[in-house]
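In: need a structure here:
(one chain, ligands or ions: 2)
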Amino acid sequence: MTQDLAACGALIDALPDPALLVGADRRILLANPAARDLFAAPMVGASALSYIRQPEPAAALEKGLAMLADPSAPQDPVEARMIQTAPTRETILRVHVAALSPESQLPAILVTLRDISHVEEAEQQRRDFVANVSHEMRSPLTVLAGFIETLKGPARNDPAATLNFLDIMDREAQRMSRLVSDLLSLSRVESEERVRPRATVSMSDVLRATLAALRPQFEDAGIVVDFRDLPDAPMIAGDRDQLVQVFHNLVENALKYGGSGGKVALSLEKLEQMPGFTGPVLRVCVRDFGDGIDAIHLPRLTERFYRVDGHRSRNMGGTGLGLAIVKHIINRHRGRLSIRSTRGEGSTFAVVLPIS
Ligand SMILES: Nc1ncnc2c1ncn2[C@@H]1O[C@H](COP(=O)(O)OP(=O)(O)OP(=O)(O)O)[C@@H](O)[C@H]1O
Ligand SMILES: [Mg+2]
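Out: Ligands and ions are numbered 1, 2, ... in the order given. You can find the predicted model right below:
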């Protein structure tokens, strides 16, 4: 038996997941390093129930022990979900309990605990995403359906009202089509994230193309753009269309949400060193002088559908997907996005891209 125990010890010490060997009297015979880390305790000799206390996993443990007591009963492993709360974070674990086979001469159960927090998190994100998309789709659809009813009924013989309603319907249809194209763009960018871009692009060129496309919006809003270009900037490995998409969104955001400052500054510079990068980099800063963003929002800005002021963004035709797309494209280019903002002074969105 001692030999069996030593062999089991060597085996569970090699397992990546936390694992415990528990005897028939509920005492912990062995605990591997991952388990001792998880519970921050030596564990061996203590009752397993002092670590596995929640009703569901405790019941799984008891079922495992019952298998030991009656080897003729079915010996199927049992699973349960357990939440482990540590001071800094909450871990969700899948507890798996299996009795060692009677041949081992060691009356014990093996309890393994697998961290499934990230799996549950991903599922939650997927559910939130579906709920968000449905919600975003429903509002324009409700407006469209309402106006169709009105056009068929009360407004049938009113050409002036009809024109007005058609305008609104047009806007809502455009909003839906923007949402769908942003969603498609996001899914394309996500699926390509691991494929490194091959073409070489000039960032000056990308920025000039972006500004040219947005020129009418700047002129309409009476906002001045100050572009500090870097002539002879080195080319980088990149996807031109995607990079234009990045800066189109950043500059458009500066215009839409930071336009009250009357000016948007765009700069391109080369830096020989940057923490986190092995070689020289190009840095593009998009700066506005508007209201700025409260610090609590900054870490969440690149989440899909996250908006600081949902009402205002929707009124401006925003879908809240722009920065999520930006983040994925920058990741694909092995770059980094950082956001700094001061309430009342404006925001700076800085994109750092490695020079391959
Ligand atoms: N320069 C900025 N100043 C203030 N707030 C900003 C700025 N840029 C972005 N935001 C905030 O971040 C939110 C998310 O921006 P994002 O580009 O992802 O979405 P959007 O502009 O609302 O929609 P889309 O880009 O899809 O048209 C915006 O709704 C806005 O609240
Ligand atoms: Mg945007």
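In: for this protein, which residue is closest to the average position?
Out: Nearest to the geometric centre of the chain sits Glu303, at 5.9 Å (CA atoms, centre = their mean).
In: Distance check, the spatially closest residue to it that is not a sequence neighbour against ligand 1.
Out: Counting by CB to CB, 6 or more residues apart in numbering, Glu303 lies nearest to Ala324, which is 6.6 Å off, once chain neighbours are set aside. (Each C-beta comes from the backbone N, C-alpha and C, glycine too.) Counting by CB to the nearest ligand atom, to the nearest Å, the gap from Ala324 to ligand 1 is 6 Å.
In: Just say helix, strand or coil for Ala324.
Out: helix (DSSP: H, G, I helix; E, B strand; the rest coil).
In: Near it, how many other residues are there?
Out: By other CB atoms under 10 Å, 22 other residues sit near Ala324.
In: Check Val351 too.
Out: Look at Val351: counted by other CB under 10 Å, it has 24 neighbours.
In: Which of the helices or strands spans the closest residue to Pro42 other than its chain neighbours?
Out: Excluding the flanking residues, the one nearest Pro42 by CB to CB, 6+ apart is Arg36, at 6.3 Å. Assigned by DSSP states H and E, Arg36 falls within helix 33-39.
In: tally of neighbours for Ala58?
Out: Other residues near Ala58 number 17, with proximity taken as other CB under 10 Å.
In: One more: the one 10 residues further on?
Out: When neighbours are defined as other CB under 10 Å, Leu68 has 18 of them.
In: my guess is it meets Ala108, correct?
Out: Yes. Using CB atoms under 8 Å, Leu68 is in contact with Ala108, at 7.4 Å.
In: anything in contact with each of those two?
Out: With contacts defined as CB atoms under 8 Å, 6 or more residues apart in numbering, the residues shared by Leu68 and Ala108 are Ala24, Ala99.
In: Strands of this structure, residue ranges please.
Out: Taking DSSP state E, the strands of the chain run over residues 19-23, 28-31, 78-85, 90-99, 108-115, 200-201, 224-228, 236-237, 263-271, 281-288, 336-342, 346-354.
In: could you dump those to TSV with mean pLDDT and distance to Glu136?
Out: Shown next, in TSV, are the strands of the chain (pLDDT from 0 to 100; distance: least, CB to CB, whole Å):
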stretch	mean pLDDT	distance to Glu136
strand 19-23	95	45
strand 28-31	95	49
strand 78-85	93	32
strand 90-99	94	29
strand 108-115	95	33
strand 200-201	96	32
strand 224-228	96	30
strand 236-237	96	34
strand 263-271	97	27
strand 281-288	98	26
strand 336-342	96	23
strand 346-354	97	24
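In: Ligand 2: which of the ones you listed is closest?
Out: strand 346-354 (10.6 Å; CB to the ion).
In: how about that closest one, does it reach ligand 1?
Out: Yes. Under the criterion of CB under 6 Å from any ligand atom, ligand 1 is reached by strand 346-354 at Ser347.
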